[in-house]
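# what shape does this take:
(one chain, ligands or ions: 1)
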Amino acid sequence: MFGLMQERPLLIASIIQHAARHHGSTDVVSRLLDGSTHRTTYRQLEARARRLARALQRLGVRMEDRVATLAWNSFRHLELYYGISGMGAVCHTVNPRLSADDVAYILDHAQDRFLFADTSFTALIEAAAAKLSGHLRGVVLLCHAAEMPSLALPAGIEVLCYETLMDAADEDFAWPSFDERTAASLCYTSGTTGRPKGALYSHRSVLLHTMAQNSAAVFGLRPGDRMLPVVPMFHVNGWGSPYAAPAMGAAMIMPGRHLDGASLASLMNAERVVFSAGVPTVWLGLLQHLRSSGERLHTVRRLVIGGSACPPALIEAFDKEYGITVEHAWGMTETSPLGTFNTPVEVPGEDATAALRRKAKQGHAIFGIDMRIADDMGHELPWDGTTSGNLQVRGHWVCSAYFGDAPDSANDAEGWFTCGDVATITSDGNMEITDRSKDVIKSGGEWISSILLENIAVAQPDVAEAAVVAAAHPKWDERPVLLVVPRQGKTIDTAALLGAYRGKVPNYWVPDAVVVLDELPHTATGKISKLTLRKQFRNHLVATGAAG
Ligand code: AMP
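Residues are numbered from 1 along each chain as shown. Presented below is the predicted three-dimensional model:
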C-alpha cells in the first residue's frame, strides 16, 4: 500500500518561486565589477528569471541543452541559475580561473549552445573560442548595451547583450513541471590529474542537498539571516548557497570579484552579513586584513570553511579575537558538494586543546550521505580515530558517473564513490582528512600527514600560509619539505619554526627542510596547488645536499 501524500517533483524553480512568494521583499545585493552596489529582491529576481527563460527560448534553447556561465557571484548569475535550470536546460558553470585550453575543452565536452559571461572575461573567451569545435552558437555578455566591450569571435558565434535580450523578452513564462531526475546543472572538476570531468546534478539531487544543507546541523539558514557566499558560483553550485539562501528567505550578499580581505570586511559590515562560506585562503586574507587594520566585523557570527583543510589556528583566531564561530565542512564537486559538517557542540569536561582538535576535523556525515574508510582492496577499516584509509561516500547527491561516461561507472558495486582523500574516523563518526591520496608522504614505509604539518606551521605567529610536500630521499624514499610564506613585514626563523613541531608530532614527521617563498601557487578553486609544488620541490633535498 502506498502512502497518500501529494507527490510533486523536486524542481529547482520551486525554490525561487517560494522565495518570491513568501520572502518577496528579501534583499539580493550585488557588488558589481565596477565596485558599485546593485539591489534587488527575490520577487524581482524571480520575475527576471522567467523573463530570461523566455529569452533563452527565443535563442532556441530547449530542455536538456547545456548553457554555460562564466561569471562572478551577482544577481545576474543567480538569474541564470534559475532561468536555465528552471526551464529544463542545464546550467553549466565554468571556472574562469582555468586556462583557455581547459575552458575550450569543457565547453566542447559539454556541447554548450550559449555562454553567458561577465565582461571582464573577454580575453579568456577570445582565447578559448579560437579552440572550439563548433557547438557554441553565441556569447551573451552580462551587461547593458552601453557597456558592451569589443569581443572578436570566430564566424558562427554571435555576440549578444544580456540586458538587450532581457528587454526584448516577456515575463509571461510559467515554470514547467518535469521529471525531477532531469539534469539541472553541470560543473567540471578542476582536473588536477588529467582532463576535467563533469559532475551532472539533477533537480532532485539539488533539492535534497538544499534541504539537508538547511538543517540545523549544517548551514541552518533562517529568514532574517544575511549570507555572503564568498565561494564562487562557478565552484560546485557555490556550495549550494544560491539554493539554500532563497529556500529559507535569507538575504544574499554577492561580492562579485572583490574577494580580498578589505573588500570583504567592508561589504560584510555595510550589508550586516551574519554568515559566510569560503576556502581557508580567503579567510586567512580577511584575518590578516582585520589584524593589520584594526577593523572589526560587527555582525558576522558564523563562517563555514571548507574546500581545503581549515587550520586550527584560523578557528581559534576568529573565535578568540573576533567572537566568530568557524564551522568546518568537507565536500567535493562530485558530492554537490556537502558531505560532512563539523557542527558546533559542547562536550562536557573537554579541555580547550581537545576541543580545538575536534573542531578542526571535517566532521560528521550529514543526513543523506553515508561514509566509510576502506583499504586498497575495498575492505572497510575501523573507526578508531587513528587508522587511515580511502574515504568513500554514497548518498542522494553523490555522482554515479561523470558526464558522458557509462552509467554507474564512478562507483563500485555497492555504490561507494572513492573520493581520493585519505581519512580517519573516530568511534563517534568525526571524520578527519589527513591527505589527498596523491599528496600522502611515505617516509620509510610510514605515512606522514601533510595537513597536520601545515596546520602546525600556520599556527606560528610569523607564518601566513604553508604547504608540505614530499621530496625524494635516497634512504627514506620520501621526506616532508615545508614551504612557507611569511606574514606581511615578518621574517621567518626556520629553526624556531621546526622547533614548533617538537612534542606535537613524532620526530620522524618533522620536515627535513624549510623553504621561505613570497607566495604559494593556488588552483582555480583557491586551494594551494600541491601538484605544482610537488613537481617543483621533488628533488629539493637531493639538489641541496640536504638528503646527505
Ligand atoms: P573540489 O572538487 O575542487 O571541491 O575538491 C574536492 C577536494 O577538496 C576533496 O576531495 C578534498 O581533497 C578537498 N577538500 C574539500 N574540503 C576539505 C576540507 N574541509 N579539508 C580537507 N580537504 C578538503
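# which bits of the stretch 51-200 of the chain sit near the ligand?
Within the stretch 51-200 of the chain, the positions lying close to the ligand (CB under 6 Å from any ligand atom) are 189, 190. From N, CA and C alone the C-beta is placed, and that goes for glycine too.
# find the centremost residue of the protein, please.
residue 235 (4.8 Å; CA atoms, centre = their mean).
# quick one, grab the pLDDT at it.
Residue-level confidence at residue 235 comes out at 94, pLDDT.
# tell me how far the closest residue to it other than its chain neighbours lies from residue 333.
Leaving aside its sequence neighbours, residue 235 sits nearest to residue 525 (CB to CB, 6 or more residues apart in numbering; 5.2 Å). Separation of residue 525 from residue 333 (CB to CB, to the nearest Å) stands at 9 Å.
# spell out which parts of the stretch 251-400 of the chain neighbour the ligand.
So far as CB under 6 Å from any ligand atom goes, the stretch 251-400 of the chain lies against the ligand at 306-310, 328-333, 337, 362.
# one more pass at 5 Å, please.
306, 307, 309, 330, 332, 333, 362 (CB under 5 Å from any ligand atom).
# let's have the residues you listed in TSV, adding distance to residue 426 and secondary structure.
As requested, these are exported to TSV (distance: CB to CB, whole Å; DSSP: H, G, I helix; E, B strand; the rest coil):
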residue	distance to residue 426	secondary structure
306	19	coil
307	22	coil
309	16	coil
330	14	strand
332	21	coil
333	26	helix
362	11	coil
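# so which of these is the most crowded?
Highest neighbour count within those: residue 330, with 30 neighbours (other CB atoms under 10 Å).
# please name the bridge partners of that residue.
residue 340 (DSSP bridges).
# so it touches residue 363, yeah?
Yes. The pair residue 330 and residue 363 qualifies as a contact (CB atoms under 8 Å) at a distance of 6.7 Å.
# burial check on the residue nearest to residue 235, number of neighbours?
Residues lying near residue 525 (other CB under 10 Å) number 21.
# do the same with residue 519
8.
# tell me the contacts of it?
465, 485 (CB atoms under 8 Å, 6 or more residues apart in numbering).
# quickly note the distance from it to residue 285.
12 Å.
# regarding residue 106, what is its secondary structure?
helix (DSSP: H, G, I helix; E, B strand; the rest coil).
# look up the closest residue to it, ignoring the ones flanking it.
Nearest to residue 106 is residue 188, by CB to CB, 6+ apart, at 5.0 Å.
# the one you found against residue 333, yeah?
Yes. Shown here, residue 188 and residue 333 form a contact pair, counting by CB under 8 Å, at 7.5 Å.
# tell me, what's touching the two both at once?
What both residue 188 and residue 333 touch, as defined by CB under 8 Å, 6+ apart, is the set residue 199.
# if we can go back for a sec, give me the common contacts of residue 525 and residue 333.
Joint contacts of residue 525 and residue 333 (CB under 8 Å, 6+ apart) are 190, 235.
# test my guess that the residue nearest to the centre of the chain contacts residue 94.
No. Residue 235 lies out of contact with residue 94 (CB under 8 Å); the separation is 10.7 Å.
# quick one, what contacts residue 115?
So residue 115 contacts 67, 68, 69, 70, 94, 107, 125, 136, 138, 139, 140 (CB under 8 Å, 6+ apart).
# buried ones only from those, please, as a ChimeraX command.
In ChimeraX, this line selects whichever of those come out buried by 16 or more other CB atoms under 10 Å:
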select :67,68,69,70,94,107,125,136,138,139,140
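# which one of the contacts of residue 115 is nearest to the ligand?
residue 94 (13.9 Å; CB to the nearest ligand atom).
# list the contacts for that closest one?
So residue 94 contacts 68, 69, 70, 103, 106, 107, 115, 188, 234 (CB under 8 Å, 6+ apart).
# 7 Å - rerun?
Shown in contact with residue 94 (CB atoms under 7 Å, 6 or more residues apart in numbering): 68, 69, 70, 103, 106, 107, 234.
# try residue 324
297, 300, 301, 302, 303, 318.
# report the beta-bridge partner residues of the residue lying closest to residue 508 once chain neighbours are set aside.
Using CB to CB, 6+ apart and skipping the chain neighbours, the partner closest in space to residue 508 is residue 443 (6.3 Å). Beta-bridge partners recorded for residue 443 (DSSP bridges): residue 446, residue 477.
# isn't residue 443 right up against residue 475?
No. Using CB atoms under 7 Å, residue 443 makes no contact with residue 475, being 9.6 Å away.
# could you report the neighbour count for residue 462?
Per other CB under 10 Å, the neighbour tally for residue 462 reads 15.
# identify the residue spatially nearest to it, adjacent ones excluded.
residue 490 (4.0 Å).
# what is the burial count for the one you found?
12.
# that one and residue 180, how far apart?
54 Å.
# out of residue 443 and residue 475, which sits in the more crowded spot?
Set residue 443 next to residue 475 and count neighbours by other CB under 10 Å: residue 443 wins out with 18 against 9.
# what sits against that one?
476, 477, 478, 479, 508.
# which of the residues you listed has the most neighbours?
Result: residue 479 is most packed of the contacts of residue 443 (other CB under 10 Å), 25 neighbours.
# correct me, but it touches residue 510?
No. Applying CB under 7 Å, one finds residue 479 not in contact with residue 510, separated by 9.7 Å.
# buried residues in stretch 102-114, which are they?
102, 103, 104, 105, 106, 107, 108, 109, 110, 112, 113, 114.
# looking at those, spot the one nearest residue 461.
The nearest member of the buried residues of stretch 102-114 to residue 461, counting by CB to CB, is residue 102 at 38.2 Å.
# next one: phi and psi at the residue nearest to residue 75 when sequence neighbours are not counted?
Nearest in space to residue 75, with sequence neighbours left out and distances taken as CB to CB, 6+ apart, is residue 30 at 4.7 Å. Here is the backbone geometry of residue 30 (degrees, to the nearest 10): phi -130, psi 130.
# so what's the residue in the stretch 1-150 of the chain that the ligand sits nearest to up against?
The stretch 1-150 of the chain approaches the ligand most closely through residue 95 (9.3 Å), counting by CB to the nearest ligand atom. By CB under 7 Å, 6+ apart, the contact set of residue 95 is 190, 234, 235, 524, 525.
# narrow these to those in helices?
Residues of the contacts of residue 95 located in helices (DSSP state H): none.
# can you name the two of these that sit furthest apart?
190 and 234 (10.6 Å).
# weed out the non-buried ones from the contacts of residue 324.
297, 300, 302, 303, 318.
# and the two most separated of those residues?
Of all pairs in the buried ones among the contacts of residue 324, the most separated under CB to CB is 297 and 302 at 11.2 Å.
# could I get the full set of strands for the stretch 351-500 of the chain?
364-365, 369-374, 389-395, 417-425, 431-436, 441-443, 446-448, 463-473, 477-486 (DSSP state E, counting those that start in this stretch).
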